[in-house]
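1. just a sequence and a predicted model for now, questions to come.
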Amino acid sequence: MDEKRYIKRHQLPCYLQVFNRVTNKPLGYIVNISPQGMMLVSGTQLMSHAVFGMQVKLPSPIKGKKRIDFDALSHWSKPDITSGYYDTGFSFTEPPEELTALIDALTEYFSFKDYQNQQQQ
């Protein structure tokens, strides 16, 4: 199935690791993210069209929490341009408030600012 992306995603030059929240085993690293979903890169190909129970362990607390638990539905998985790695696209299913806050913080941190417009304000 060919899907077209209509939602802007932000590339993350520093990756956050995502774990299976039941087994605590690593699933992959977030390479881009939006309020609706994310892409992971991993060393193994992940199943498509499955809901994964995930967890992100935070370097510093957000809203008092050191980790964020959430579910995400995989839509596709394909080989990455780097041999031995795979990219998987997910959409969030009922993202918790802490995940939304993390996405907002990452978007703000990694977004380019229009300094000319800021100076005029």
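-> Okay, I see it. Numbers count the residues shown, from 1 in each chain.
2. low-confidence ranges, the chain, go.
-> Counting by pLDDT under 70, the chain contains low-confidence residues at 1-15, 110-121.
3. could you rerun that using 80?
-> Applying pLDDT under 80 to the chain flags the ranges 1-15, 59-63, 106-121.
4. buried stuff in the biggest helix by length in the chain?
-> The single longest helix within the chain, with elements called by DSSP state H, is helix 97-110. Neighbour-count burial for helix 97-110 flags 98, 99, 102, 103, 106, 107 (criterion: 16 or more other Cβ atoms under 10 Å). Glycine gets a C-beta too; all of them are placed from N, C-alpha and C.
5. repeat that for stretch 82-98.
-> Neighbour-count burial for stretch 82-98 flags 86, 87, 88, 89, 90, 92, 95, 98 (criterion: 16+ other Cβ under 10 Å).
6. repeat for stretch 58-69
-> Those buried within stretch 58-69 under the rule 16+ other Cβ under 10 Å are 62, 68.
7. which parts of the chain are strands?
-> Along the chain, the stretches classed as strands by DSSP state E are 10-20, 26-33, 37-42, 51-62, 65-79, 86-93.
8. ok, and what's touching the fifth one?
-> Residues from elsewhere that reach strand 65-79 (Cβ atoms under 8 Å, 6 or more residues apart in numbering): 1, 3, 21, 37-38, 45-58, 62, 85-96, 98-99, 102.
9. switch to 7 Å and redo it
-> Applying Cβ atoms under 7 Å, 6 or more residues apart in numbering, the external contacts of strand 65-79 come out as 3, 21, 45-58, 86-96, 98-99, 102.
10. how about the contacts made by the residue nearest to the spatial centre of the chain?
-> Taking Cα atoms, centre = their mean as the criterion, residue 38 is the residue nearest the geometric centre of the chain, at 3.8 Å. Shown in contact with residue 38 (Cβ under 7 Å, 6+ apart): 30, 32, 90.
11. identify the bridge partners of the first one.
-> Pointing back at residue 30 there. On the basis of DSSP bridges, residue 30 is bridged to residue 16, residue 40.
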